[in-house]
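Novice: coords please:
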Amino acid sequence: MKENLFTGKEKYVSKKSISTLGEYFDHIEYARTQIFQNEHLWYRGLANNNYKLLPSLYRIKDYSFEDEVKIRNEFIDKAKGFVKYSNLTNYEWYFLMQHYGLPTRLLDWTEGYLIALFFALRLSQNDNVHINPCIWIISPSKLNKITVGLDRIIRTEKSQENQDLELSAQYLNFRKDANDIKPIAISSTYSNERILRQKGCFTVHGTEIRSIDSIFRVSKCTDIVQINIARKSADKINRELEYAGISESSIFPDLEGLSKEIKHRYNM
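Specialist: Model (predicted):
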């Protein structure tokens, strides 16, 4: 058995913050083979290891479901002027809202651990440059087993699993008396180039405002992993990612992504 790279009772946390891409590979391999036993895994990169696994809408102080419905309807009505987005399902519209910056109850994950690492190392204006970033890893099917008793990813498209379609639809249109609806991991369609390149997948959160990690903790399930990254090594790891073909233009396949990549290369 490989050296144990993790510690913790309620969740597995890396014993030390990684500082190279090679160390990251070692941690991913250990988590995949020793903790999750080769399960289909999802990854999420965060620039601050103190950030909660909550969607953007639940970080708004005066959130209301009624306001979200108004925002969603306005987005769909006005975005239909873009011809290529004219025949989307309700969830595909919702995925687009998330990717273009509107607050939703979706939380972004990816099936690519290098993509998650890329996002963990990206700093936004409000991020603290002195705090370590991190990668979270979950088993989406295990999350659904905990929250709704189904050991699989919940589909959002028509399929043989009609139960899945009915369940996922409930998360877009709550009853007013609904309560204690926990998050689920849902299938995502690659409805635009960004989701495709980023191997995007999502958890959609219900009426219960609780982070994903707390749900695992309360259920006493330790199948959740946090890998911490040394902030001082971020530039070095970013260069190693570029050598591996992971960069702004590969994650954001447009001229904006290309421009950011060139600016980063020339320290602009």
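Novice: L96: what secondary structure?
Specialist: Secondary structure for L96, judged by DSSP: H, G, I helix; E, B strand; the rest coil, is helix.
Novice: you'd agree it is up against N90?
Specialist: No. Look at L96 against N90 with Cβ atoms under 8 Å: they stay out of range, at 10.9 Å. Where C-beta positions appear, they are placed from N, C-alpha and C, glycine not excepted.
Novice: These two: who's more crowded?
Specialist: Neighbour comparison, L96 and N90: the larger count goes to L96, with 21 against 14 (by other Cβ atoms under 10 Å).
Novice: neighbours of the nearest residue to L21 once chain neighbours are set aside, just the number please.
Specialist: Ranked by Cβ to Cβ, 6 or more residues apart in numbering and with sequence neighbours excluded, the top spatial neighbour of L21 is E240, at 4.0 Å. Close neighbours of E240, defined as other Cβ under 10 Å, add up to 17.
Novice: Ok, E166 next?
Specialist: With other Cβ under 10 Å as criterion, E166 counts 9.
Novice: if we can go back for a sec, the residue nearest to L21 sits in which helix or strand?
Specialist: helix 234-243 (DSSP states H and E).
Novice: Next, the buried residues of that helix.
Specialist: 234, 237-238, 240-242 (16 or more other Cβ atoms under 10 Å).
Novice: What of stretch 205-216?
Specialist: Within stretch 205-216, the residues that qualify as buried are 205-206, 210-213, 215-216, counting by 16+ other Cβ under 10 Å.
Novice: same thing with stretch 4-23?
Specialist: 5-6, 11-14, 17-19, 21, 23.
Novice: Now do it: everything it contacts.
Specialist: 24, 26-27, 30-31, 34-35, 117, 132, 213, 216-217, 222, 224-230, 232-233, 236-237, 240-241, 244 (Cβ atoms under 8 Å, 6 or more residues apart in numbering).
Novice: and the residues you listed, which of them are in strands?
Specialist: 224-228 (DSSP state E).
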